[in-house]
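# Need coordinates for the following:
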Amino acid sequence: AITPWLLRQCICIILVMSLCLLSLPKSVAISNPRLNALYYFLLLAMVILGIWNYMSAGLWSAQVELRVVPVLEIGPETGPTALALNITNHKMCPPERSIAAADALLGLWNNLSVADVRKRVNSSFRPAHWLEGSPPPLQASSTCLPMCTGRVDPNLCVSAHTLTDQRDSSQVALWSARHILRNNGLFVDSFVGLSAVGATFQLGYSYELRRKLPEMTRTFLNGQSHGDHAKTRTVLLDSNGVPGKRFPFGSKMKLTLRELLGAAQGLPQQLLEGTEPTWEVFRDGLALDVEVLCYNEDVEIQKVRLGRAGNEEDWHLGASSDVPVCLVRVKYLRCCASFAPPEVTAGGDVAMHRAVVVRGSIGTSAMWFPSFSQLLLTVTSILVLIRIPKIVVRWFALHCLGQLSRLYRRVLVQQFDIQHEAATTAVMLMSNSVAFLELSDRKICKENFPAISRAR
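Modelled structure (predicted):
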């Protein structure tokens, strides 16, 4: 509440301030080329400052949350008809001993201990160091399974209906191998599904702004706060982080397993020979992560560039608010991904299933839109800034030009007292009227006003 004492203090301050002089602006045109040059130089600097301020902070930005949904396609166009090839002798199949040879060798040494058998066969079989265990089991056999055709034992071929495991909307698994660890723990038999090399992954994604677009931006620029792969152009980054394969606007993104592995960043070199995956990919299994980043400005895309990867032209992707560009980045996560939990067979053996797992991660990027509220604020700021040059030039003219400053000060800074000016005006009228009456030599009008003739 306002106390009487505080009210009295405010009244006293107002009364004291009323006794001071009140300065009002006065417009005076000064003809001085040097001062004019200084003024317009400062004016240009203020305008540039206002524009630069808008360019640096005049855009409305929001983080974009993206979700990737990988789907594995094993259909007529890429499935059994394309994969039902006789690849038993594929170049990726390792020349290992057969199961029969291993069983025959073990049969000769039935009376030996496991340790003795290991010593004797260690030179004949490779240790399966890629399996957990110390010491690792020995690789008794490694068989490439073809695609199933007709009514055959599903354990001896690969079925297109059991190749995939769509675990949830964020990851899918492609079956790649089955390893049977014998109950004695000494040998392992591997069945590798190399026929899955022709599988195709379809990657879909959606994005949504974490903040709602301003109303004016959404109305005038038709800005969208959400979208998916059908409204963008998709670009796949290669293993070096450089834009590679580009998909047409609105098209589905389909990648073969070869393309995914070829674009995977951080993939061990031994898992790829040229463009072909090695058989270890299927034997061991692996996990890949797919991340999508969407942008509507090429300037923001440049920030994704790793070092100086690629040429400058490679990164000019033409991103805009109407057609955003989404970059797809594939990363190698780890080895030895499982298709299903280990299971114990009726004979006491342990079956382990490997898979190529593709996981879609939740990524974040940024999109920028013009902000009309920031534009209005910038215009207001410029109107304030352009007053600064006049203030600077006025101070400079009044204090820094020596004798010329004193002349400018007499013109620019004047004290005006209405009572003094009224008295001065009256005295000037009186003095002028005396001289006029002395010079008048005739009368005019009915009232006989004094006048000065042309001859006078």
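# Quick check: the residue nearest the centre of the chain vs L327, distance?
Most central in the chain under CA atoms, centre = their mean is S365, positioned 2.9 Å from the mean C-alpha point. For S365, the distance to L327 equals 8 Å [CB to CB, to the nearest Å]. Yep, even glycine has a C-beta here, placed from its N, CA and C like the rest.
# intersection of neighbour lists for the two?
293-295 (CB atoms under 8 Å, 6 or more residues apart in numbering).
# next one: the host helix or strand of M352 to chain centre, how far?
Counting by DSSP states H and E, the element that carries M352 is strand 350-360. The chain centroid and the centroid of strand 350-360 are separated by 31 Å under CA atoms, centre = their mean, to the nearest Å.
# Just to check, W279 is in contact with V197?
No: the pair W279 and V197 does not pass the contact test of CB atoms under 8 Å, sitting 9.8 Å apart.
# tell me the helices in the stretch 351-456 of the chain, going along the chain?
372-385, 388-399, 403-412, 418-439 (DSSP state H, counting those that start in this stretch).
# cool, and the chain?
4-18, 33-57, 80-83, 99-108, 114-121, 215-220, 257-263, 279-284, 298-302, 372-385, 388-399, 403-412, 418-439 (DSSP state H).
# how far is stretch 333-344 from where the chain is centred?
Its chain's C-alpha centre and that of stretch 333-344 lie 34 Å apart, by CA atoms, centre = their mean.
# Endpoint to endpoint, that stretch covers what distance?
In terms of CA to CA, to the nearest Å, the two terminal residues of stretch 333-344 are separated by 28 Å.
# which of the residues in that stretch are buried?
Within stretch 333-344, the residues that qualify as buried are 337, 339, counting by 16 or more other CB atoms under 10 Å.
# The strand holding M352 - which strands sit beside it in the sheet, and in what orientation?
Paired neighbours of strand 350-360 in the sheet (DSSP bridges): strand 171-181 (antiparallel), strand 286-295 (parallel), strand 338-344 (antiparallel).
# Would you mind telling me which of those is nearest L267?
Across the strands paired with strand 350-360, L267 has its closest neighbour in strand 286-295 (8.3 Å, CB to CB).
# just for this structure, where's the confidence low?
1-2, 21-25, 55-125, 133-134, 146-156, 158-162, 195-196, 210-225, 306-310, 369-371 (pLDDT under 70).
# circling back: nearest approach to A337 belongs to which of the helices of the chain?
A337 lies closest, by CB to CB, to one member of these: helix 279-284, at 8.5 Å.
# chain center to that closest one, what's the gap?
Per CA atoms, centre = their mean, the centroid offset for helix 279-284 relative to its chain is 35 Å.
# Which residues does it contact?
Outside helix 279-284, the residues touching it (CB under 8 Å, 6+ apart) are 92-94, 130, 142, 176-177, 190, 192-194, 196-197, 261, 270-271, 335-336, 354, 356.
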